[in-house]
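K.L.:
what follows is a protein structure lacking sequence information:
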């Protein structure tokens, strides 16, 4: 019983009732011009013409959001947009909303006022008095049972207020809600946001993960070597790698802070020497072979190629340590080929084929560019072989 009465204690119930009743204020002014049927028809026609104006949907949407939506229970409220009508279908739905709101407003306002009048009439006639109110139902004669019957309209009145609020809110969701085109646009925007978040997470994983791996390997090697000269070189490598990671982090944070503001370009394969030097400074014997016009590789392919190479070298340092590594970058026949090979540790401590977020990221980057990536053991070595189309 308490749960059924709970809507009467919520402010949104009365805001919805107010939204319904306000709809008849402007048409009611025409009654002061002339109390005739044609004045109300004229008001309805003018209201329909107003619905054809694109900005009307903005006004109605904001008003519906303000008065109909229960912001404490957003999950149960329909979605209502406040954007101009873009199509004739949107205009038609706005016209239908205005006319339905007008008719529904007349009915609810009439019931909200007349039901209390009826209760007063029933109570007065039940007490043997003359009716005090002029309601829509005429109560004739005086009967004692009119008095208890007065409870019926008193109960119906809050029912009308609550039910009409739920109905008009559901109707607003249908007529002022997003059109299929707007739903598709919102879905595409949400997909773009998720893809951007995934890309940023991958960027942070590759850049910061590489820097931390280099720092850990260098620090461990310096402590084990006990050589001041080697320690100086290790600290220099850690410093250089840390600076590069900070630049990448600052760039990614710039994207997060101001998504519309252009940021500095991401590193490309033209900056691959920085990766190779960092790996060499960590103790790995990197033998690099670059063939073809790398500087002509399209920007998106070159940037993703840089990240793939970075992740592959990070995996070498993390799982195999300071081992001889062969890196081959080849541009020919409209294809960029990246091949990284290193001896497998004994026993193998790296992830097996198909496992690890880094290897998954390499395959995802290749797939997004229409290429393919192969990772896993090959003739006693661990290989990463990636082919990316240049067009």
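P.N.:
Cool, got the structure. Bear in mind the structure is a predicted one, so any value in this text is a computation, not a measurement.

K.L.:
I'd like the next helix or strand past the helix or strand harbouring residue 312.
P.N.:
Secondary structure from DSSP states H and E places residue 312 in helix 299-315. Proceeding N to C from helix 299-315, the next assigned helix or strand is strand 324-332, under DSSP H and E.

K.L.:
the helix or strand just after that following strand - which strands sit beside it in the sheet, and in what orientation?
P.N.:
Using DSSP H and E, the helix or strand that follows strand 324-332 in sequence is strand 335-343. Strands that pair with strand 335-343, judged by DSSP bridges, come out as strand 324-332 (antiparallel), strand 381-389 (antiparallel).

K.L.:
tabulate those strands (TSV), appending mean pLDDT and distance to residue 310.
P.N.:
(C-beta placed from N, C-alpha, C; glycine too.) TSV is the format used below for the strands paired with strand 335-343 (pLDDT from 0 to 100; distance: least, Cβ to Cβ, whole Å):
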stretch	mean pLDDT	distance to residue 310
strand 324-332	91	11
strand 381-389	91	11
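
K.L.:
who are the packing partners of the helix or strand hosting residue 124?
P.N.:
The secondary structure element spanning residue 124 is helix 88-126 (assigned by DSSP H and E). Here helix 88-126 touches helix 11-22, helix 37-51, helix 54-68, helix 146-149, helix 151-175, going by 3 or more Cβ pairs under 8 Å, 6 or more residues apart in numbering; DSSP states H and E.

K.L.:
need these in JSON lines (columns: mean pLDDT).
P.N.:
JSON lines is the format used below for the helices and strands packed on helix 88-126 (pLDDT from 0 to 100):
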{"stretch": "helix 11-22", "mean pLDDT": "90"}
{"stretch": "helix 37-51", "mean pLDDT": "77"}
{"stretch": "helix 54-68", "mean pLDDT": "90"}
{"stretch": "helix 146-149", "mean pLDDT": "86"}
{"stretch": "helix 151-175", "mean pLDDT": "91"}
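
K.L.:
export the ones you listed to a markdown table and append columns for distance to residue 212 and mean neighbour count.
P.N.:
Output for these, formatted as a markdown table (distance: least, Cβ to Cβ, whole Å; neighbours: other Cβ atoms under 10 Å):
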| stretch | distance to residue 212 | mean neighbour count |
| --- | --- | --- |
| helix 11-22 | 51 | 18 |
| helix 37-51 | 60 | 14 |
| helix 54-68 | 47 | 18 |
| helix 146-149 | 80 | 15 |
| helix 151-175 | 49 | 17 |
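
K.L.:
would you turn those into TSV with distance to residue 389?
P.N.:
Shown next, in TSV, are the helices and strands packed on helix 88-126 (distance: least, Cβ to Cβ, whole Å):
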stretch	distance to residue 389
helix 11-22	56
helix 37-51	52
helix 54-68	44
helix 146-149	83
helix 151-175	46
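
K.L.:
where does pLDDT dip in the stretch 101-250 of the chain?
P.N.:
Counting by pLDDT under 70, the ranges of the stretch 101-250 of the chain that qualify are 132-136, 184-200, 202-203, 205-207, 210, 222, 225-226, 248, 250.

K.L.:
does residue 311 touch residue 358 like I think?
P.N.:
Yes: using Cβ atoms under 8 Å, residue 311 is in contact with residue 358, at 4.9 Å.

K.L.:
more neighbours: the two, which one.
P.N.:
residue 311 (25 against 22; other Cβ atoms under 10 Å).

K.L.:
quick revisit: which of the strands paired with strand 335-343 sits closest to residue 125?
P.N.:
Proximity to residue 125 (Cβ to Cβ) singles out strand 381-389 among the strands paired with strand 335-343, at 89.2 Å.

K.L.:
quick one on the thing from earlier: between the strands paired with strand 335-343, which gets nearest to residue 115?
P.N.:
strand 381-389 (73.4 Å).

K.L.:
give me the contacts around the closest one.
P.N.:
Contacts of strand 381-389 with the rest of the structure, by Cβ atoms under 8 Å, 6 or more residues apart in numbering, involve 301, 304-305, 308, 312, 315-316, 319-320, 334-344, 350, 359, 362, 366, 369-377.

K.L.:
ok, now which ones touch the closest residue in space to residue 169 that isn't next to it in sequence?
P.N.:
Take residue 169 and drop its neighbours on the chain: the residue closest to it by Cβ to Cβ, 6 or more residues apart in numbering is residue 68, 4.6 Å away. Residue 68 makes contact with 12, 15, 16, 19, 77, 80, 165, 168, 169, 172 under the criterion Cβ under 8 Å, 6+ apart.

K.L.:
any idea how far the second one is from residue 313?
P.N.:
The reference is to residue 15. Using Cβ to Cβ, to the nearest Å, one gets 61 Å for the distance from residue 15 to residue 313.

K.L.:
do the same with the third one
P.N.:
Look at residue 16 and residue 313: by Cβ to Cβ, they are 62 Å apart.

K.L.:
just to revisit the earlier point, now the strands paired with strand 335-343 in TSV, with mean neighbour count?
P.N.:
Formatted as TSV, these follow (neighbours: other Cβ atoms under 10 Å):
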stretch	mean neighbour count
strand 324-332	18
strand 381-389	20
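
K.L.:
between those, which gets nearest to residue 88?
P.N.:
strand 381-389 (43.4 Å).

K.L.:
contact partners for residue 341?
P.N.:
325, 326, 378, 381, 382, 383, 384.

K.L.:
quick one: it from residue 332, how far?
P.N.:
Following Cβ to Cβ, the distance that separates residue 341 from residue 332 is 19 Å.

K.L.:
report the contact partners of residue 280.
P.N.:
Contacts of residue 280 by Cβ under 8 Å, 6+ apart are residue 286.
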